[in-house]
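K.L.:
dropping the sequence and predicted coords here.
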Amino acid sequence: MVRSGAVIVGLVLACALLSLLWTPFDPLPTDAAARLLGPLTDGHLLGTDPYGRDVVSLLMYGSRITLLVGLAAVAIALVVGVPAGIGAGMAGGWVDQVVMRATDVALAFPALLLVIVFGAAFGAGATTAVLALGIAAAPSFARVARSGTLQVMAREYVTAARAANRGPLWIARRHVLPNIGGLLVVQSSVAFSIAVLAEAALSYLGFGTRPPTPSWGRMLQEGQSHIYDHPLLVLWPGCAIAVTVLGLNLLGDGLRDRFDPRSRAPEGTAAL
Amino acid sequence: MRAAAAVLRRLGIFALTAVLASMVVFALLAVVPGDPAQVALGLTATPEKLAAARAEMGLDRPLPVQYLDWATGLLGGDLGTSAVTGRPVGPELASRAWVTAVLVAAGMAVAVLVAVPMGVVAAVRRRRPDGMLLSGLSQVGIAVPAFLAGLLLITVFAVRLQWFPSGGWTRDGDGLADLLSYLVLPAISLGVVQGAVLARYVRSAVLDVLREDYLRTARAKGLPPLRALLRHGLRNAAIPVLTVGGVQLGVMLVGAVVVEKVFVINGLGSMLLEKVGNRDMVAVQGIVTVLVLAVLVINLVVDLLYTVIDPRLREAP
Amino acid sequence: MRTFGASTGGASSGAASSGAANTTAASTVEVRDLRVHAGARELVRGVDLTIAPGERVGLIGGSGSGKSLTAYALMGLLDDELHATGSVTVGGVDVLRAGERTMSRTRGRVASVVFQEPMTALNPLMTVGAQVAEAVLWHGGGSRAAARRRAVELLDLVRLPDPAGAARSFPHQLSGGQRQRVVIAIALANDPALLICDEPTTALDVTVQARVLELVAELVRARDTALLFISHDLAVVGAMADRVAVMHDGRVVETGPVREVLGAPRHEHTRALLAASGTGGPRTRPAAGVGHSALEPAAPDARPVFLAEDGTTPLIRARDLRRDYPGRRTGLLGRSAPVAGLRGVSFDIAEGAAVGLVGESGSGKSTLLRLIAGLDTATAGSVEVAGCDPATADRAALRRLRGDVSVVFQDPAGSLDPRMTVAQIVAEPLHGLPRAETADRVREVVASVGLPPDALERHPHRFSGGQRQRISIARALVTRPRILVADEPVSALDVSVRGQVLDLITDLAGSHDLTLLFIAHDLGVVAQVCDRVLVLADGRIVEGGPVGDVYDRPRHPFTAELVAATPRLADALRQA
């Protein structure tokens, strides 16, 4: 599971990197003469869009946006959420209360709503979207980090470290972080796929990347008006999104099985 | 007694969170560049007229006062008056919210109907081909965004087969059958994907329960596997699933924005997009507040449901 | 003497199995050549076992010997992945070939089982009464109301105080011992011909264990129920069974009457188990909420117990030491009265002494450990360790103190960080030494606990339980401490390695001139390692003095109960 997920994500990554150097056609300029060509015509493997742009090139360029948005959002969520979560878990008391209440408030704003509000307040665009998606994901990271930290802090090796006169920073760095790393990797893959889906939805609504920068969600939106005559224009970006998210989920689930001892079958017997 | 204390404590946290969240909404939209008075009067307005309009809208007062004013109105159900249309926001919002509520309820029903059987079977038959197939299906289902599912459903069932309308909503005088015909495709596209997500949680919750000692005790009493799972397993498995279901209901409330756009439905989501588009900040503020409060109420209900299901939580922590 | 049914699958046991064929029809349990496979691995390798009606058979073995799998096979409850061959007949039912329909009529009616872990054996969302009633109803126990009444009777039978009230309560409102009584009530609800007990008391405190065992023995005797009692503890099995079978590595290696097998063991594995016995049972850590054993509160005896000789300065000196924990939340802001962990203890411990600290869960022994190691501060009173009071010490003094006091924890799986190498783990207590010197010290101490040099770069999961505890001991000794606190250091280990670890601790304490503070939940282990003992109950020291005096002439009723409750092989043999 980890492997097939990693292969899919790797392929998308390779596409994105390749698009920096080469795409079959220039994805940006429109060409009225070549609009809505079918697949395999004039060297266009998957045809062209309503503006005469090559679909393959657009997909490749779009993968760049998708990965960039996902990575940046996860990075923001990690930087904001993890220290807060570890701090809350280790300190307990009022620090914990403040962090938990803050996550309560933040979790009341679903990601999509936050992006739209940010878009309304600061203007729509990729930067606002990334910021909003990152902030929306941060509370889940804080909660995961906190509950992981609480588990680690209850272990005797932490007591042993304290008995060995090691302070909180040492314990956070040497014991807590390495032991909740697995959880964070899993959470990152989940947040990444949520961000990819959200970015697609936002571009579709017009709150993501701004024209003319192509993205998978915008391709879907532009294809929608031609859904009767050219349904493939919707299918291609749709498949690109679905496959990427599938890859991320497979990767995340596989990693979860690896890191979560409970998911390993117990020895001996089970009830059913 | 202890149970009452636990409920009170939860209500207290809810009230605190709601107040904080409303402050966040207010603050976010108060810092928006652009002057509501200008929006109302247009670019040709004179500075004197603008100042008068501001004073009339109460925009010349300090922010905390404005917040208190707005929040007091909120408690009385007054969401303010739009600077763009000059009409109160509340009535329009209420009629739109009703549409979205119906849509989300139908979507959730679809999600649960998909998730519970799928998750339970995938867990119980995890080593058999059909169980694995269901796991795989849910995995693929998660990866399909709701609006893509909507577009595909329209292509197949509205365009090709013409079983259902491709979009729109009921008008006055329509019957239940009409409502259902408009509701089917949007509810499925909203619910199937969330159902796939939920199914994975149902599966893992049931798998966890299957490993529990009390299920072994039930089997040792003589209960056959399925009966033991139904009697002892499902209520225990419901606890973690409920958490996810609550979160999902909140996600769907906002996710409906996209489905409403795909199916051209005049719900709360399309209203939000409209109002953002013509910079009607009072309306946006109202919609966001209603959505956020709805999410918080859902969380509260989920938490209270825990106390109903789990006797251990009836004692204050 | 009863029928000899059990014969060995592997090693021979001679004449024992000759009578088996004649008793087949009448036997409650008839197992022939039972094999259990997990894929290609064979976990149970040909077990034969016969239990006559009303006979009590003990099944002994270490972890992984296949004894629990044998029990599951008897109930037809093996996991899907496991495949059983051979023949198993229980009460006339061919278990391995019977369909689910037949088995669902057999389980709980013909044969019942009590599992090890009482804390998790009951459905947390259902009242205890409903769970007992379900067992009655399922096997056709009449109306719902009648089943409820029967459930209350059964709870009375297993001697739960206030059975009607208990029936209405949820599992989390009962203690571990009480929950195990409920499970026993469920198992006996339909008067089965066979009761299987799989380590039913290993998770319980010693005094609770004694009462539960007494109950089981009495009930099976009164109803003439056949008993298969599974345990790793020879003393417990000896007390419960007429006949024993010893399992090792999937086979029955020895079988016969209790007196013969335990009195004159023939197989080397039985001898190894015998040698290790008396070191207490492995206990899983009791979950929160356990702990009200029915003992009466200890007498308010606040007199200090002095274990130091007159005239010498004690190394550890505690005066009126008290530690309270915040009470439960009762409302929005309110809390109930604080819960006392320690209710004022005073004692002196002389340098070089080996002192045992004995108490059940909730007695305050772990609290005391935390106070001495400077991991917690007292609510009142004082403790002085090597001339330093952790509550008032400054940073430097605290650091010195933590170098002087080292702790070996109970569970080596939990006390070693799985993400660190052995070298990193052992080096953790060393601060500010040059890299080379740290490496030297680590290598030296790892060798002194008997681990190979190549252990240093490996992670803890690569080691067995006994070896992991050696790593933990190495970490404790690397600072060259004066005081070693060992918190139940062998109770999480398999019986076969306990002796070695105890010997290691004793040896090292001698060679390093350590003052040893040894915490345990029962008396057996302490007698092996310590010369003095303090008995803790309910946050107070109820008794203290030289080990022999306390054990032979206990003055406090709790100590007397503890001594009486500790299973002893000699007693078991005398009874048999």
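P.N.:
Structure's in. What do you need?

K.L.:
what residues does chain B have near chain C?
P.N.:
B:2, B:5, B:8-9, B:12, B:127, B:212-214, B:216-225, B:231-232, B:235-236, B:309-312, B:315-317 (CB under 8 Å from any CB of the partner chain). In this view, the C-beta of every residue, glycine as well, is placed from N, C-alpha and C.

K.L.:
pretty sure residue C:407 contacts residue A:164?
P.N.:
No: here residue C:407 does not reach residue A:164: they are 9.0 Å apart, not a contact under CB atoms under 8 Å.

K.L.:
these two - which one has more neighbours?
P.N.:
Neighbour count, other CB atoms under 10 Å in any protein chain shown: between residue C:407 and residue A:164, residue C:407 has more, with 29 against 22.

K.L.:
mind checking the SS state of the more buried one?
P.N.:
Assigned with DSSP: H, G, I helix; E, B strand; the rest coil, residue C:407 falls in the strand class.

K.L.:
residues contacting it?
P.N.:
A:159-160, A:163, C:369, C:373, C:476, C:484-487 (CB atoms under 8 Å, 6 or more residues apart in numbering or on different chains).

K.L.:
try residue B:256
P.N.:
Residue B:256 neighbours (CB under 8 Å, 6+ apart): B:100, B:103-104, B:107, B:190, B:267-269.

K.L.:
wait, residue C:540 touches residue C:347, no?
P.N.:
No: using CB under 8 Å, residue C:540 is not in contact with residue C:347; the gap is 11.3 Å.

K.L.:
and the host helix or strand of residue A:144, anywhere near chain C?
P.N.:
Assessed by DSSP states H and E, residue A:144 sits inside helix A:126-153. No: Helix A:126-153 lies out of reach of chain C by CB under 8 Å from any CB, never closer than 8.9 Å.

K.L.:
and that helix, what other elements does it pack with?
P.N.:
helix A:55-91, helix A:93-107, helix A:111-122, helix A:177-205 (3 or more CB pairs under 8 Å, 6 or more residues apart in numbering or on different chains; DSSP states H and E).

K.L.:
that one: which residues count as buried?
P.N.:
Buried residues in helix A:126-153, counting neighbours by 16 or more other CB atoms under 10 Å in any protein chain shown, are found at A:126, A:128-146, A:148-150, A:152-153.

K.L.:
spell out which parts of the stretch 251-400 of chain C neighbour chain A.
P.N.:
C:373-375, C:398-399.

K.L.:
tell me the pLDDT at the residue of chain C most remote from its centre?
P.N.:
Distance from the centre of chain C peaks at residue C:434, with 42.6 Å (CA atoms, centre = their mean). You'll see residue C:434 listed with a pLDDT of 91.

K.L.:
from residue C:440, how far off is it?
P.N.:
10 Å (CB to CB, to the nearest Å).

K.L.:
strands along the stretch 201-317 of chain B, start to end?
P.N.:
Remark: no strands are assigned in the stretch 201-317 of chain B by DSSP state E, counting those that start in this stretch.

K.L.:
which parts of it sit against chain A?
P.N.:
B:207-208, B:210-212, B:215-216, B:218-219, B:225, B:228-229, B:250-251, B:253-255, B:257-258, B:261-262, B:272-273, B:276, B:279, B:281, B:284, B:288, B:291-292, B:295-296, B:299.

K.L.:
and the helix or strand containing residue B:139, what's buried?
P.N.:
Per DSSP H and E, residue B:139 falls inside helix B:129-143. In terms of neighbour count (16+ other CB under 10 Å), helix B:129-143 has its buried residues at B:131, B:134-135, B:138-139, B:141-143.

K.L.:
from the chain's centroid, how far away is that helix?
P.N.:
With CA atoms, centre = their mean, to the nearest Å as the basis, helix B:129-143 stands 25 Å off its chain's centre.

K.L.:
that helix - contacts with which helices or strands?
P.N.:
helix A:232-259, helix B:89-124, helix B:176-210.

K.L.:
in terms of mean pLDDT, which of these ranks lowest?
P.N.:
Among these, helix A:232-259 scores lowest, at a mean of 83.

K.L.:
my guess is residue C:351 contacts residue C:482. True?
P.N.:
Yes: under the criterion of CB under 8 Å, residue C:351 makes contact with residue C:482 at 7.4 Å.

K.L.:
any residues in contact with both of those two?
P.N.:
C:315, C:515.

K.L.:
state the next helix or strand along the chain beyond the helix holding residue B:139.
P.N.:
helix B:146-153.

K.L.:
same for that following helix, what does it pack against?
P.N.:
helix A:177-205, helix A:216-224, helix A:232-259, helix B:176-210, helix B:234-262.

K.L.:
give me that answer again for 6 Å
P.N.:
Under the contact definition 3 or more CB pairs under 6 Å, 6 or more residues apart in numbering or on different chains; DSSP states H and E, helix B:146-153 sits against helix B:176-210, helix B:234-262.

K.L.:
contacts made by stretch B:220-229 with the rest, please.
P.N.:
A:272, B:215, B:218-219, C:100, C:104, C:107-108, C:113, C:135, C:138 (CB atoms under 6 Å, 6 or more residues apart in numbering or on different chains).

K.L.:
still on that earlier bit, against residue A:48, how distant is the residue farthest from the centre of chain C?
P.N.:
From residue C:434 to residue A:48 the distance is 69 Å (CB to CB).

K.L.:
ok, residue C:176 next?
P.N.:
72 Å.

K.L.:
residue C:181 too?
P.N.:
Counting by CB to CB - residue C:181 and residue A:48 are separated by 77 Å.

K.L.:
can you dump the C-alpha coordinates of the helix or strand where residue C:261 lies into CSV?
P.N.:
For residue C:261, the element it lies in under DSSP H and E is helix C:258-263. C-alpha atoms of helix C:258-263 as CSV (Å, rounded to 0.1, in the frame of the first residue of the first chain):
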residue,chain,number,x,y,z
VAL,C,258,0.1,-32.3,41.3
ARG,C,259,2.2,-33.8,44.0
GLU,C,260,4.2,-35.9,41.6
VAL,C,261,4.8,-33.3,38.9
LEU,C,262,5.6,-30.4,41.2
GLY,C,263,7.2,-32.6,44.0
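
K.L.:
give the rounded mean pLDDT of it.
P.N.:
pLDDT averaged over helix C:258-263 gives 86.

K.L.:
which secondary structure elements does it contact?
P.N.:
helix C:234-240.

K.L.:
what helices or strands is the helix it packs on leaning on?
P.N.:
helix C:258-263, helix C:569-575.

K.L.:
okay, buried residues for it please.
P.N.:
Buried, per 16+ other CB under 10 Å, within helix C:234-240: C:234-240.

K.L.:
ok, now which ones touch residue 122?
P.N.:
Using chain A. residue A:128.

K.L.:
ah, no, chain C please
P.N.:
B:214, C:131, C:171, C:179.

K.L.:
separation between it and chain A?
P.N.:
14 Å (CB to the nearest CB, to the nearest Å).
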